[in-house]
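J.: compute the structure for the input listed below.
(one chain, ligands or ions: 1)
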Amino acid sequence: MKTYTLYSALASVVLANLDSAAARILTSLDQGASYDFVIVGGGVAGSVLANRLSEVSSVNVLLIEAGGSPNGNLAVEVPFLGTSLSGSAIDWNYTITPQTGLNGRSFELTRGKVLGGSSCLNLMTWNRCANDLYDHWAYLSGDDGWSWANIEKYYLKTSRLVAPADGHNTTGQVTPSAHGDGPVEVSVAGFLQPLDSVVVTASKQTGGIWEFSEDINAGNGLGTTYMQSSVGEGKRSHAASAYLDPIANRTNLDILINTQATRLINVATSGTPDIRTVEYAQSRDGPRSSITATKEVILSAGVIASPQLLQLSGIGPSDLLTTLNITTLISNPLVGAGLVDHPMIPLYFTTNSTTTWDPVLQDTNVFNGDLERWQENQTGLFVDSPADVQSFWRIPEGDGVWSSGEDTAAGAESAHLESIWVNAYAPFGSAPPSTGNFLTVLAAIVSPSSRGSVLINSTSAFDQPLIDPALLTTPFDTYAAVKVIRDIKSFLSTSPAFGALGLEPYGDLASAFVELASNSSEETTSTGEYTKLLKYAVDHSVTVNHPMGTLPFSSSSSTNSSSEAGVLDSELKVKGAKGLRVVDASVFPSVAACHIQAVVYTVTERAADLIKVEYGLI
Ligand SMILES: Cc1cc2nc3c(=O)[nH]c(=O)nc-3n(C[C@H](O)[C@H](O)[C@H](O)COP(=O)(O)OP(=O)(O)OC[C@H]3O[C@@H](n4cnc5c(N)ncnc54)[C@H](O)[C@@H]3O)c2cc1C
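T.: Residues are numbered from 1 along each chain as shown. Down below sits the predicted model:
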C-alpha cells in the first residue's frame, strides 16, 4: 500500500528531469584523490556536515551520495507537490515488513535518494521539539553538551524565520525572537486556509490540551499552533538548497553523486578496528572502488541505511552476522534495534464548507491553474504544504494508562499525541472521492513505546534490509491510538467554532464512532466504541515518516552490555571502533515528540563542532 498518494497521478505530469550540473559535483574520483573526511550520505545530516567541515579551508571533504541533484525537479521545489515524490525516482522505495500490530498490513516507507535526502521529499513541517527532549538526552548520555542550554546555539545556526509567501502580517502567529540566523528558510503558511482560523479559534475557546501556542519552537512543545515549514518565498528550503548550493565554489569539497557506499572496511591490522575506508559502487553488479579518509568516516546515510552499512561491515548483532557469513568486527545487538516511528491515523469528515481545496484533486483544470499561479509568481495554494495548523498534547498524569508504565515522553513539555489539520481529503492508500468537501485530521502518536528494528537479510547493500517499525505493538500505543481519536472527536463536538462546518465522520470512521456506552464495561465489547476505534486505527494507521533511533548515542563510559548501552558514545563515535562516527536520525537516544528534521539539523550542527574540536580545527 502506498502511504502518500496525494495527487500523485496529477503531479506526475510536472516531474522534470534531474539536473546535476552544479560545480564540484563528480561522478568518479580522481586517481590518488585524498580526503580528511569522507561523509556517506548527502541528506540532512550529510549536507550540514559537508558545509561546516569544508568551512575549514585546510581540510578536504568528500561527500558520497547515492542519488543525484534535486535541481530542476519541480515537485521538489513546489511545496504543495511534496507528497507526490513518494514512489518516485528520488525515493528509495522501501517497504516495511508486515506489521503484527496492524493485522499484517505492510506499506511503503519513503526516504529521499537525492542530495538533500528526505528533506527534498518531506512535508516541510518545522518543529525543533521541546527543550526537555535535549535535557533528557543530556541525562541519558551524561553529556551536558546535549542539554538545551548548550544546544540552543546550534538550533539557532540551522535556520532563520522569513516572511510567508503572501507577506501577511504574522503577529501572533510566530515569535520571531525564538528563531536564529541559519541557512534553512522557515515560514508560516503563505496561503492560509479558512479552516486554519476555525481550528485556532476553537483552540482559544476550548483551552486545556488544545490551548493556543504562538510558537511551538519557543521551548514548550505543547498546544495548537500555526505550522511552520521549511519554505522560503513559496519554495521548499531543503538541505541541499540551504547548505550545499551556497558553497558550490568551495574547492575543498567534492560531491560524488549516483554512488552508493556498499560497506566500510577496517584499516587496522590488529587491535581496535580502525574503520576509515569506504567501499562504493554505482550499480549492483558494477566494480567496487574504495577511498580511505585520513581523519575519519562519517556515516550519514539515514536511519535505515546507516545501520544497514554497519551490519554489512561486521558491526552488529553477531548471531545475525554469523548467519550471513559476515565476520564480526564489533558485536553489538543494539545496531539496528530501537527503530521507532510515529504512527498516524487519518480521520475523514465531510463538511458543508465549500472552501476546502478538494477541487484541486478532483479537477485537473483547477490543479493546473494553481500550478500556473505558482509558476508565475510563487503565490496561491501551492506555496504551502497541504496543512497549516497542528496541535500537540499530553495524556494527563492521572490517566489510568500510567498505572502500568512509565511516561513515554521526554518530559512535561513533550507531547504524547498530535493532530494535523488538512482543509480537504488527504488520501492515504486510496483515491480521493471525486466530489464533495472534506476535512482530514491526521491523528498521530508522537511518543510511542513500540520499538522495532532494521536488520539486513542479504550481504548486498543493494538489497533493502528488513524494516520493522513494530507499529502499535504495545498496550500503551494501542491505548494512545484510541485516545488520540477520542480527544479529537471531543474537541470537534464541544468547541462552538466547529459547529458551522457541519462535520460528519466519513467512510469507516462513521461506523467506528458510536455513543459512549453508559456502562463502561461495554466499552471493550465488540460493539463498544473502544473496540471499534482500535479496529479503525489498526486498519488505517500509516506513519508520519519519522523513523529514528537505530544507532542511539549513550554514555561514553557505558559498555555494550550495560543497561545504558548504546551504539555510539555521546560524541557520536561508534563504540569499539576508531575513525568512524554516525550523524543522522539514527543517533536519537529516545523518541523525539515532534516532526524531526529540525532536530537532525540541530544534532548535526553540534556534531560538526565536536569533529572540529577533536581535530583542532576550531
Ligand atoms: C515523506 C516524508 C515526510 C516527512 N515529513 C517531515 C516533516 O514534515 N517535517 C519533519 O521535520 N520531518 C519530516 N520527515 C522526516 C525528515 O525528512 C527526516 O527525518 C530527515 O530528513 C532525516 O535526515 P537524515 O540526514 O537522517 O536522513 P536523510 O535526509 O534521509 O538522508 C540520508 C541520505 O543518505 C543517502 N544514502 C543512503 N544510503 C546511502 C549509501 N549506501 N551510499 C550513499 N548515500 C546513501 C540517501 O540517499 C540520503 O540522501 C519526513 C520524511 C519523509 C520521507
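
J.: for the rest of this, base every contact and every neighbour count on C-alpha atoms.
T.: OK.

J.: Ile485 versus Glu406, what's the distance?
T.: Note on Glu406: its distance to Ile485, by C-alpha to C-alpha, to the nearest Å, is 22 Å.

J.: next, the residue of the stretch 351-500 of the chain found nearest the ligand: phi, psi?
T.: Nearest to the ligand, among the residues of the stretch 351-500 of the chain, is Ala461, at 6.6 Å (C-alpha to the nearest ligand atom). With angles defined as degrees, to the nearest 10, Ala461 sits at phi -70, psi -10.

J.: what does the pLDDT read for the spatially most central residue of the chain?
T.: Closest to where the C-alpha atoms of the chain average out (C-alpha atoms, centre = their mean) is His546, at 3.6 Å. For His546, the model assigns a pLDDT of 98.

J.: so who does it touch?
T.: Taking C-alpha atoms under 8 Å, 6 or more residues apart in numbering, we find His546 in contact with 341-342, 595-596.

J.: show me what contacts Gly232?
T.: Taking C-alpha under 8 Å, 6+ apart, we find Gly232 in contact with 162-165, 185-187.

J.: show the buried residues in those residues.
T.: Burial by neighbour count, 16 or more other C-alpha atoms under 10 Å: within the contacts of Gly232 this picks out 162-165, 185-187.

J.: distance from the chain centre to stretch 234-242, please.
T.: In terms of C-alpha atoms, centre = their mean, to the nearest Å, the gap separating the centre of stretch 234-242 from the centre of its chain is 15 Å.

J.: ok, and does that stretch reach over to the ligand?
T.: No: using C-alpha under 6 Å from any ligand atom, stretch 234-242 stays clear of the ligand, coming no nearer than 7.9 Å.

J.: how about that stretch: buried residues?
T.: 234-242.

J.: end-to-end on that stretch?
T.: Note: stretch 234-242 ends 15 Å apart using C-alpha to C-alpha.

J.: cool, stretch 231-238 as well?
T.: The straight-line separation of the ends of stretch 231-238 (C-alpha to C-alpha) is 8 Å.

J.: returning to that earlier point: just the closest of the contacts of Gly232 to the ligand, please.
T.: Closest to the ligand out of these is Val186 (11.6 Å), distances taken as C-alpha to the nearest ligand atom.

J.: need the per-residue pLDDT for the closest one.
T.: 98.

J.: bridged to it, which residues?
T.: Leu161 (DSSP bridges).

J.: up against the ligand, what does the stretch 101-250 of the chain have?
T.: Along the stretch 101-250 of the chain, the residues adjacent to the ligand under the rule C-alpha under 6 Å from any ligand atom are 110-119, 121-126.

J.: low-confidence regions, the stretch 201-350 of the chain specifically.
T.: In the prediction, the stretch 201-350 of the chain carries no residues with pLDDT under 70.

J.: list the helices and strands the helix or strand in which Asp36 is found packs on?
T.: Asp36 belongs to strand 35-40 when assigned by DSSP states H and E. Counting contacts by 3 or more C-alpha pairs under 8 Å, 6 or more residues apart in numbering; DSSP states H and E, strand 35-40 packs against helix 44-54, strand 61-64, strand 289-299.

J.: on the three-state scheme, the residue nearest to the centre of the chain is what?
T.: Assigned by DSSP: H, G, I helix; E, B strand; the rest coil, the conformation of His546 is coil.

J.: ok, back up a step: CSV please, covering the helices and strands packed on strand 35-40 and showing mean neighbour count and distance to Gly579.
T.: Below are the helices and strands packed on strand 35-40 laid out as CSV (neighbours: other C-alpha atoms under 10 Å; distance: least, C-alpha to C-alpha, whole Å):
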stretch, mean neighbour count, distance to Gly579
helix 44-54, 26, 16
strand 61-64, 26, 15
strand 289-299, 21, 4
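
J.: among the ones you listed, which comes closest to the ligand?
T.: helix 44-54 (3.8 Å).

J.: ok, and what's touching that closest one?
T.: In contact with helix 44-54 (C-alpha under 8 Å, 6+ apart) are residues 39-40, 59-63, 115-119, 238-240, 243-244, 247, 250, 252-253, 300-301, 583-584, 597, 600-601, 604-605, 607-608, 612.

J.: could you say what helices and strands the longest helix seen in the chain packs with?
T.: Counting residues, the longest helix found in the chain (DSSP state H) is helix 475-494. Helix 475-494 is packed against strand 417-422, strand 438-445, helix 529-540, with contacts defined by 3+ C-alpha pairs under 8 Å, 6+ apart.

J.: now do the buried residues in that helix.
T.: Residues 476-478, 480-488, 491-492 are the ones in helix 475-494 that count as buried (16+ other C-alpha under 10 Å).

J.: tell me how far the next helix or strand after that helix lies from the chain's centre.
T.: Sequence-wise, the next helix or strand downstream of helix 475-494 (DSSP H and E) is strand 504-505. Mean-position distance between strand 504-505 and its chain equals 30 Å (C-alpha atoms, centre = their mean).

J.: packing partners for strand 504-505?
T.: Checking 3+ C-alpha pairs under 8 Å, 6+ apart, strand 504-505 ends up next to strand 343-350.

J.: partner strands of the strand it packs on and their direction?
T.: With DSSP bridges as the test, strand 343-350 is paired with strand 438-445 (antiparallel), strand 504-505 (antiparallel), strand 542-543 (antiparallel).

J.: contact residues of the stretch 251-400 of the chain facing the ligand?
T.: Proximity of the stretch 251-400 of the chain to the ligand, by C-alpha under 6 Å from any ligand atom, involves residues 260-262, 300-303, 305.
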